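Participant: Kindly generate the corresponding structure for this input.
(chains A and B)
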Amino acid sequence: MSNGNMNLTLKVWRQKNAQTAGKFVTYKAENISPDMSFLEMLDVVNESLTLKGDEPINFDHDCREGICGMCSLYINGHPHGPKRGITTCQLHMRTFHDGETITIEPWRAAAFPIVKDLAVDRAAFDRIQQAGGYVSVNTGGVPDGNAIAIPKVIADEAFNSATCIGCGACVAACKNASAMLFVSAKITQLGLLPQGQPERYRRAQSMVAQMDEEGFGNCTNTGACEAECPKEIKLTNIARMNNDYLSAKLFREEEIHEEQHG
Amino acid sequence: MSEFKQTFNSSLGKKLIMALTGLFLCTFLIVHLGGNLLLFSKDNGFGFNVYANFLTHFPPIEVVAYILYLAILVHALYAIILTIKNRKARPVGYAVQAKSDATWSSKNMGLLGSILFVFLVIHMGDFWFKYKYTNEVNFKEYRTDLATGQTTESTYTPAAADFSHSVSTENNVEIVRVKDLHARVVKTFSNIWYVLIYVIAMGALSFHLLHGFQSAFRTAGWVHRKYTPIVYGIGCWVFAVIIPLGFAAMPVYYYFVNRG
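Facilitator: Have a look, this model is predicted:
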């Protein structure tokens, strides 16, 4: 095409809701600018579907600048598409070539039931977070900035873990649909810092208990999550979580009560 | 639910059981290979037969052996439990799955483990079971002249049915009568199919440990910038190269070089 625009074939998973069976439907995406993001391409397709009176493809999105963790999509066998370290909204159509067939699937996990088409319910992550992914702070005077010294290497590690946006790509990529990269990033981000210490061992126990309750799979350390994570969260987080959880369970006095969550 | 029960029923608790039983089995491999290196000594199986006799008649080793069998079963059982849970976690699979960074061995631990389990059944049936519970393994008598150090051997037919072994000295000649497991080794490894099964199984062992050894450390939470590279090095060179090669060399050696 003279203007460099592309024509693509999309194989999109369409499913009315969690109760009905879904199937792949093939659509043509025509005259797509290579400078569009993947979500903008879907907007164009939806525009034409709406004009034809068809139901538009349902997909999750929000900030469209790679920070909210709302967009998902399993594109040609990769969560967030084939490029590394980016979310679907940051994926440009120039990654694909004219005439290519693109298969788009929702995240597949029992703990992420399909809401509609490509959108899945990731509330399981919220419940895990609510189980202990916080630091309790008493109200009072504003503490001085930098009053508590934190070694730079620790601050950096904690910040790296804190970049997790909770999109669920780790679960989608894992052959076991395990949520351990997500949960471990949340546990590590707080557990490394002084402010997170008082609740460190309770946190590890409650968040892991909630994770198990949600029905995610078990990590086999394949590292598929690390490779697909848009924020490049490291597998080392999982080892840290294991360490916190197992020392909490086997060597610490803190206990959590089953009725606390779930 | 008691706290320990709760711990070992959790995902991380079950994984810890996999990791610890796996590492225990790894330590066994070192001992097993070390002892079996006696198969390479050209003494008509004297050293090996005495060693096999020691393993089966020294009570502390027998206790460890039963812990070992238990570890194998627990490792396999928990693998099945975790795999079922993992399958349930993704009831609907993907239509398209791209090649991922995950290593082949890490994604096929179940397959590799199943090969190893089948191998263990064959292997223990060949040697352990026949040695301990049947009369298929004959006895051998080694006579060592203590003055010259010369050893001669002959077959020995025990008078009593429950004879296990004996060591005695007559006229400055040491007489050792033990079950001749070495002959069983020679016989088994003269069959090319057994040799192939053993070599393939050791290939599976190599890939299983290439992932398994370092993964066990991760699961136990033992990851450190300074020590993890050492763990990877040991997992790769010792457990995925030297040990499987050492074991695989035995059937190959007996088939091609030492035919008894």
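
Participant: A:D156 sits in which helix or strand?
Facilitator: A:D156 is part of helix A:152-162 when elements are defined by DSSP states H and E.

Participant: Determine the set of other helices and strands touching that helix.
Facilitator: Counting contacts by 3 or more Cβ pairs under 8 Å, 6 or more residues apart in numbering or on different chains; DSSP states H and E, helix A:152-162 is packed against helix A:180-191. Placement of C-beta: from N, CA and C, glycine included.

Participant: tell me which strands and helices the helix it packs on is in contact with?
Facilitator: In terms of contacts (3+ Cβ pairs under 8 Å, 6+ apart), helix A:180-191 is packed against helix A:123-132, helix A:152-162, helix A:169-173, helix A:200-214, helix A:224-228, helix A:236-251.

Participant: try 10 Å this time
Facilitator: When contacts are defined as 3 or more Cβ pairs under 10 Å, 6 or more residues apart in numbering or on different chains; DSSP states H and E, helix A:180-191 packs onto helix A:123-132, helix A:152-162, helix A:169-173, helix A:200-214, helix A:224-228, helix A:236-251, helix B:11-36.

Participant: Check those helices for me and report the most buried one.
Facilitator: Across the helices and strands packed on helix A:180-191, averaging neighbours per residue (mean count of other Cβ atoms under 10 Å in any protein chain shown) puts helix A:169-173 on top, at a mean of 29.

Participant: Remind me what that helix packs against, helices and strands.
Facilitator: strand A:74-75, strand A:78-79, helix A:180-191, helix A:224-228.

Participant: returning to what we had before: how about the helices and strands packed on helix A:180-191 in TSV, adding distance to B:V64 and mean pLDDT?
Facilitator: As requested, these are arranged in TSV below (distance: least, Cβ to Cβ, whole Å; pLDDT from 0 to 100):
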stretch	distance to B:V64	mean pLDDT
helix A:123-132	41	97
helix A:152-162	41	97
helix A:169-173	40	98
helix A:200-214	33	96
helix A:224-228	37	96
helix A:236-251	24	95
helix B:11-36	8	97
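
Participant: can you list these in a markdown table and add distance to A:N7?
Facilitator: Converted to a markdown table, the helices and strands packed on helix A:180-191 look like this (distance: least, Cβ to Cβ, whole Å):
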| stretch | distance to A:N7 |
| --- | --- |
| helix A:123-132 | 37 |
| helix A:152-162 | 40 |
| helix A:169-173 | 28 |
| helix A:200-214 | 41 |
| helix A:224-228 | 28 |
| helix A:236-251 | 42 |
| helix B:11-36 | 46 |
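
Participant: Nearest to A:I67 among those helices would be which one?
Facilitator: Nearest to A:I67, of all the helices and strands packed on helix A:180-191, is helix A:152-162, at 12.2 Å by Cβ to Cβ.

Participant: relative to helix A:236-251, how tilted is that closest one?
Facilitator: Here the directions of helix A:152-162 and helix A:236-251 differ by 100 degrees (axes from the mean of the first three to the mean of the last three Cα atoms, to 10 degrees).

Participant: CA atoms of helix A:152-162 as PDB?
Facilitator: The C-alpha trace of helix A:152-162 is given here as PDB (Å, rounded to 0.1, in the frame of the first residue of the first chain):
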ATOM      1  CA  LYS A 152      20.000   2.700  47.900                       C
ATOM      2  CA  VAL A 153      20.300  -0.900  46.800                       C
ATOM      3  CA  ILE A 154      17.300  -1.900  48.900                       C
ATOM      4  CA  ALA A 155      15.300   1.200  47.800                       C
ATOM      5  CA  ASP A 156      16.100   0.300  44.100                       C
ATOM      6  CA  GLU A 157      15.000  -3.300  44.600                       C
ATOM      7  CA  ALA A 158      11.800  -2.300  46.300                       C
ATOM      8  CA  PHE A 159      11.100   0.200  43.600                       C
ATOM      9  CA  ASN A 160      11.700  -2.400  40.900                       C
ATOM     10  CA  SER A 161       9.100  -4.700  42.500                       C
ATOM     11  CA  ALA A 162       6.800  -1.800  43.000                       C
END
